[in-house]
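Undergrad: Sequence below, structure please.
(one chain, ligands or ions: 1)
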Amino acid sequence: MTLYSEKSETAVSVPEANLSPVNRSLSWKVATNLLVSFRYAWQGVAYAFRTQRNFRIHVVVGSFAVGLAIALSLAPVELAVIILTCGIVLTMELINTALESVVDLTVEQTYHELAKIAKDCAAAAVLISALISVSVAACLLLPPLWQILQPQFF
Ligand SMILES: Nc1ncnc2c1ncn2[C@@H]1O[C@H](COP(=O)(O)OP(=O)(O)OP(=O)(O)O)[C@@H](O)[C@H]1O
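TA: You can find the predicted model right below:
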């Protein structure tokens, strides 16, 4: 198949198979079944935990928030909201780590304005989700904590 580049208006030859979203001919098929897929996904989690300090911080803070919610006997829906927001932060951190790797793979150690935009935006996604998570946890955890601590101070 021949495609026309918008910039140079020159014809570019692309194999049909490379254009199909179903048949990713350039991909490397390794995960042959669901169990193997899960194993690779777990390797991603383990890699992020091992190498990303922020991921470890999010795991510790998230576990503390969930533990506190259980200790304070929050309603199931409130506990679910805290688990959900903590999960979103960890997910964002994993996507950020994946994107950083792809950017480094592409530009290696050269400065590129687009690499900067990609990394800065991915880091911003983590930051925003973490700020939302802290706000949600504060809204749900502080009132019952205040109820418990108030008699001790007044
Ligand atoms: N190739 C590059 N070209 C331009 N700017 C880059 C490039 N690599 C990194 N940067 C800039 O440096 C910042 C830090 O990048 P780096 O890869 O060290 O990630 P990081 O913020 O340390 O991530 P983490 O702590 O999650 O590993 C990026 O947000 C970006 O602004």
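Undergrad: longest helix of the chain?
TA: Counting residues, the longest helix found in the chain (DSSP state H) is helix 113-153.
Undergrad: That one and the ligand, any residue contact?
TA: Yes. Using CB under 6 Å from any ligand atom, helix 113-153 reaches the ligand at A115, K116, K119, D120, A123. Quick note: C-beta positions are derived from backbone N, CA and C, even for glycine.
Undergrad: tell me which parts of the protein are close to the ligand?
TA: Neighbours of the ligand within the chain, by CB under 6 Å from any ligand atom: Q52, N54, N96, E100, V107, Y111, H112, A115, K116, K119, D120, A123.
Undergrad: The fourth one against K119, yeah?
TA: Yes. Using CB atoms under 8 Å, E100 is in contact with K119, at 6.0 Å.
Undergrad: how much space between the residue nearest the centre of the chain and Y47?
TA: With distances taken as CA atoms, centre = their mean, M92 lies nearest the centre of the chain, 2.0 Å away. According to CB to CB, to the nearest Å, M92 and Y47 sit 16 Å apart.
Undergrad: Torsion angles phi and psi at the residue nearest to I82 when sequence neighbours are not counted?
TA: Leaving aside its chain neighbours, I82 sits nearest to A69 (5.0 Å; criterion: CB to CB, 6 or more residues apart in numbering). Backbone geometry at A69, expressed as degrees, to the nearest 10, gives phi -60, psi -40.
Undergrad: Same question for T32.
TA: phi -90, psi -20.
Undergrad: pLDDT wise, what is it at?
TA: Looking at T32, its pLDDT stands at 79.
Undergrad: ok, it to the ligand distance?
TA: Distance, T32 to the ligand, by CB to the nearest ligand atom, to the nearest Å: 32 Å.
Undergrad: Can you list the residue ranges for helices in the chain?
TA: Using DSSP H, helices in the chain cover 16-19, 34-51, 53-71, 76-107, 113-153.
Undergrad: same for the second one, what does it pack against?
TA: Just to be clear, that refers to helix 34-51. helix 53-71, helix 76-107 (3 or more CB pairs under 8 Å, 6 or more residues apart in numbering; DSSP states H and E).
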